[in-house]
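>>> This is a predicted model, with the sequence first.
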Amino acid sequence: MGALNGSVFMPSVLTLVGIPGLESVQCWIGIPFCTMYIIALFGNSLLLVVIHSERSLHEPMYLFLAMLGATDIALSTSILPKMLGIFWFHLPQIDFDVCLFQMWLIHTFQCIESGILLAMALDRYVAICDPLRHATIFTHQLLTQIGVVVTLRGALLVGPSLILIKSRLKHYWTTVVSHSYCEHMAIVKLAVDDVRINKIYGLFVAFSVLGFDIIFITLSYIRIFITVFNLPQKEARLKAFNTCIAHICVFLEFYLLAFFSFFTHRFGFHIPPYIHILLSNLYLLVPPVLNPIVYGVKTKQIRDGVSKLFSAKGTS
C-alpha cells in the first residue's frame, strides 16, 4: 500500500475497533451479545419449523412472518460471528472487499426486513378493511412476487454504495474503523477524497426505503384503526385489534430503534462514540431476538404449533 500526504492508498485490510472506549470490557460485552444471538437463532428457527410443519399456518400473515424470521437469522449472522471474533479472540482485521460485502449484506437485510414489515401491514389492512377479497388478493403467487421484489429492492439499492466506495474513494486517513461491524458511514468517514456523493446516496437509500415504508405502514394502520373502531360489535373490535398488536409492537421496535440509531449517529455529535456503536449494535440485534418472542406470546396459533411440536417429540 502506498501513502500520499500521510494517507493510505486503497487499503487491502481494515481494522475494526469493536466498541471504542470500551475495549477493556469487550470480552464481557460479548456475553450478552452472544446470548442474544443464540436466542435469535433458536427463536426464529423454531418459528420457521412451526410454520413449515403446520398446514393451518400456511396463510399470508404467517408466511410473511417466516420471511421475517429468515431475514432476522441472516441479518444477525452477518454481524455477530465477526463481532465476537473481535471481542473474544482479538481478530479485528478484515479484508477491505470482505468488509464491503458485510456492509452490503447488513444494509440489504435491513431493507428487506423493512419491506416485509410493509407487506405485513398491507396484509392486515386488506384482511380487516376488505376481508372478502383478502384470499383472492394475497395469493401464494403474490407472496412469492413480494418476496422477490423486496429482496431485489434491497440488493439493488445498496449495491451502488459499494461501487461508489470502490470507484471514488482511493485515499484513506486511516485503516482503523471505529465500529464493531462494517457500516456505510463508518467506512466513508475514513476517506480523504470528496465523500459528498457517498453521503447523499446513503441518505437517499435510508429515506427512500425507511421513509417510504413507514409512511405506507402508518397510513395502513390509520385506516385499520378507523375500520376497527367503526365495527358494531365489541367482540369483533377486540378480535381485530388483537390480531394487530404483535405487528404494531414489531413495527415500533424496528423503526424506533432505526431512527434513533440513525439520528444519533449523524447528528449526536456530543454523544460518546461507544453510545453510537452500542445503539447501532442493539438496532441490529434486538429485533431478531424480540420478533419471535412477541409473535409467540401474542399469537395463539403459533403457541399451539410450538406445543404440538414439542409434545410430538416427547411422545416419539
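Perfect, I can see it now. All values reported here derive from a predicted model rather than from experimental measurement. Residues are numbered from 1 along each chain as shown.
>>> any idea how far T243 is from R133?
With distances defined as Cβ to Cβ, to the nearest Å, the gap from T243 to R133 amounts to 17 Å. The way it works is simple: take the backbone N, C-alpha and C, and place the C-beta from them, glycine included.
>>> Between those two, tell me which one has more neighbours.
T243 (17 against 11; other Cβ atoms under 10 Å).
>>> residues touching the more buried one, list them.
For T243, the residues meeting the contact criterion (Cβ atoms under 8 Å, 6 or more residues apart in numbering) are 61, 124, 127-128.
>>> Return the backbone torsion pair for it.
phi -70, psi -20 (degrees, to the nearest 10).
>>> Any figure for the gap between it and E59?
12 Å.
>>> And for A135?
Remark: distance between A135 and E59 (Cβ to Cβ) = 9 Å.
>>> What of K170?
Here the criterion is Cβ to Cβ. By it, K170 lies 52 Å from E59.
>>> which ones are touching L14?
Neighbouring residues of L14 by Cβ under 8 Å, 6+ apart: 93-96, 99, 175-177, 182, 187.
>>> again, only this time at 6 Å
The neighbours of L14, taking Cβ atoms under 6 Å, 6 or more residues apart in numbering as the test, are 94, 96, 99, 175, 177.
>>> Now do the same for it: its pLDDT.
On pLDDT, L14 comes in at 95.
>>> Any idea what it is bridged to?
Here L14 sits in beta bridges with I94, as judged by DSSP bridges.
>>> how much space is there between it and E183?
Taken as Cβ to Cβ, the span from L14 to E183 is 12 Å.
>>> out of A135 and E59, which sits in the busier spot?
For A135 versus E59, neighbours defined as other Cβ under 10 Å are more numerous around E59 (19 against 12).
>>> count of neighbours near L164?
Applying other Cβ under 10 Å, we find 19 residues neighbouring L164.
>>> Tabulate the contacts of T243 (a markdown table), appending distance to G147 and secondary structure.
Formatted as a markdown table, the entries for the contacts of T243 read as follows, by distance: Cβ to Cβ, whole Å; DSSP: H, G, I helix; E, B strand; the rest coil:
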| residue | distance to G147 | secondary structure |
| --- | --- | --- |
| M61 | 14 | helix |
| R124 | 17 | helix |
| A127 | 19 | helix |
| I128 | 22 | helix |
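>>> okay if I get the residues you listed as JSON lines plus neighbour count?
Putting these into JSON lines (neighbours: other Cβ atoms under 10 Å) gives the following:
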{"residue": "M61", "neighbour count": "19"}
{"residue": "R124", "neighbour count": "23"}
{"residue": "A127", "neighbour count": "21"}
{"residue": "I128", "neighbour count": "22"}
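>>> Mind telling me the two of these farthest from one another?
When the contacts of T243 are compared pair by pair using Cβ to Cβ, the farthest-apart members prove to be M61 and I128, with a separation of 11.3 Å.
>>> Any figure for the gap between H247 and G30?
Distance, H247 to G30, by Cβ to Cβ: 32 Å.
>>> And the helices in the stretch 51-200 of the chain?
Residue ranges of the helices in the stretch 51-200 of the chain, as given by DSSP state H, counting those that start in this stretch, are 60-89, 96-129, 134-137, 140-168, 184-188, 196-206.
>>> So for L46, which of these sits nearest?
For L46, the closest of those is helix 60-89, at 8.9 Å, according to Cβ to Cβ.
>>> Report the buried residues of that closest one.
Within helix 60-89, the residues scored as buried using 16 or more other Cβ atoms under 10 Å are 60-76, 78-80, 82-87.
>>> which residues does L84 contact?
Contacts were defined as Cβ under 6 Å, 6+ apart; by that measure L84 touches 30, 34.
>>> Not counting its neighbours along the chain, what's nearest the residue positioned nearest the centre of the chain?
Residue closest to the mean C-alpha point of the chain, counted by Cα atoms, centre = their mean, is Q110 at 3.7 Å. Nearest residue to Q110, sequence neighbours excluded (Cβ to Cβ, 6 or more residues apart in numbering): L75, at 7.1 Å.
>>> distance of P287 from Q102?
P287 sits 18 Å away from Q102, taking Cβ to Cβ as the criterion.
>>> Which residue of those two possesses the greater neighbour count?
When P287 is set against Q102 and neighbours are counted by other Cβ under 10 Å, the residue ahead is P287, at 25 against 19.
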